[in-house]
Structures are given as structure tokens and as C-alpha cells.
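Chemist: sequence first, then the predicted structure, then my questions.
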Amino acid sequence: MAFELPTLPYAKTALAAAGMCEETLELHHGKHHQAYITALNGLVEKNPDLQGKSLEQIVAFSYNKPDLVPVFNNSGQHLNHSQFWLSMSPTGGGIPGKLETKLVEDFGSVQAFKDAFKTAGTTQFGSGWAWLVLAPDGKLKVTKSPNASTPAVTGEGKVLLVYDVWEHAYYVDFRNRRPDYITNWLDKIANYEFAEANLLAG
């Protein structure tokens with residue numbers, strides 16, 4: 001069965017007041033994400049080894065295989081974007097209690113966590129992603145990845161929250177001011193309730 005563009009869990013106008021306008025979501029979700037899915041479906045159709053596999057299985061199967069770079073790039077981007085949409089909320093920014101306790105325990109303070117999470121995104125050269133993960137040792141950690149890569153295949157941990165630092169994620173709203181986009185995202189858009197739910201799910 002062909003992969004499909006996931007429906008946004010909010011209206012395309014819902015994040016505008018928080019700093020992500022309708023045009024950004026129309027371009028990012030409706031154009032960029034859809035293009036990755038269309039390309040991925042075409043690649044799966046041509047490769048019997050990919051058929052019948054879940055998205056996560058295709059990402060893992062194509063990881064670090066030179067002959068499957070296009071498959072990994074498009075499947076990874078589909079997976080990453082699907083997590084990104086869920087990592088945002090029109091009522092974002094507030095950190096629920098159990099997550100806050102864990103952040104303080106592992107980072108020292110909520111502000112130290114935000115500083116580390118922002119640094120990950122600002123220091124990711126070129127295109128990529130910044131992640132909050134539950135590491136194999138049971139601690140929360142911040143990491144980053146280039147292009148379509150994901151902690152799902154690098155072994156860094158379970159994804160709790162992610163934001164996109166490809167330019168198409170912020171250029172309409174913030175032009176080339178990536179640090180401002182990240183600060184705004186962390187304070188006003190990040191769906192920390194989603195992160196807490198992922199944390200509690202183990």
C-alpha cells in the first residue's frame with residue numbers, strides 16, 4: 001500500500017499566532033513532505049525488497065547502504081516530518097510536570113535543557129534536525145542529525161520531540177534567522193505534552 005501524507009493535527013492557520021504562518025505549513029507540509037512521499041512511493045514500486053515493509057522498516061533497511069541513498073533520504077524525511085508535525089501545538093510551550101522533573105534531573109534545569117536543545121539546532125551545519133531523545137541509559141539527551149538521518153537508526157535513543165532546521169521550516173517566517181526561529185519554537189510551539197507522553201510510554 002502506498003504511503004500517504006499524514007493529516008496535520010491542527011489547522012494550517014493554527015500556529016500563526018505562535019510564529020509559524022499558514023504559508024509555511026502549506027509549503028512545508030503540502031509541498032515538501034508530499035514530495036518525499038511521492039518519491040518514496042516511486043522507489044518502493046521499483047524495488048521488490050522494499051514492498052510490504054513499514055516506513056520504519058524501510059528507513060532501517062536502507063540506512064548506510066550506498067545503493068539505497070535515495071530510499072533512505074525520502075523515507076527518513078517522511079518519518080522525520082511525521083514526527084515533527086506531532087511535535088508542535090497551537091497551545092505549545094508549556095512543560096508538564098513529569099517531563100519537567102525529568103528535564104531538571106537530567107539537564108540541571110529547564111533552561112539548561114532549552115539551551116542545549118537550541119545549541120543542537122543552531123550548530124547543525126546545513127540542513128537537518130534537532131532531537132530530544134530518551135537514551136538507552138534511561139537519561140534524556142539532546143542530539144542532532146544531518147539531512148534525513150534520525151535517532152531511529154543511529155541508536156541514540158527513542159525520539160520524544162524534534163524540530164526541523166531545514167531552511168524551508170523557517171524561511172518564510174524568520175528568513176535566515178535560525179536562532180530566532182528555534183527560540184520561538186521552543187517557547188511557543190513545542191508540544192511538550194507529546195514529549196511527555198512519549199517519555200511515559202517507555
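Modeler: Looks like it came in fine.
Chemist: chain center to the lowest-mean-pLDDT helix or strand in the chain: distance?
Modeler: In the chain, the helix or strand scored least confidently by mean pLDDT, DSSP states H and E is helix 151-154, which has a mean of 95. Mean-position distance between helix 151-154 and its chain equals 12 Å (Cα atoms, centre = their mean, to the nearest Å).
Chemist: ok, then the element right after it?
Modeler: Counting by DSSP states H and E, the next helix or strand C-terminal to helix 151-154 is strand 158-164.
Chemist: if you count contacts, what does that next one end up packed against?
Modeler: Here strand 158-164 touches helix 69-86, strand 128-134, helix 151-154, helix 192-200, going by 3 or more Cβ pairs under 8 Å, 6 or more residues apart in numbering; DSSP states H and E. Where you see a C-beta, it was placed from the backbone N, CA and C, and this is true even at glycine.
Chemist: which of those comes out lowest on mean pLDDT?
Modeler: If you rank the helices and strands packed on strand 158-164 by mean pLDDT, helix 151-154 sits at the bottom with a mean of 95.
Chemist: list the buried ones in that helix?
Modeler: Neighbour counts over helix 151-154 (16 or more other Cβ atoms under 10 Å) mark 151-153 as buried.
Chemist: try stretch 111-128
Modeler: Going by neighbour count (16+ other Cβ under 10 Å), the buried part of stretch 111-128 is 113-114, 116-118, 120-121, 124, 128.
Chemist: alright, I will stop here.
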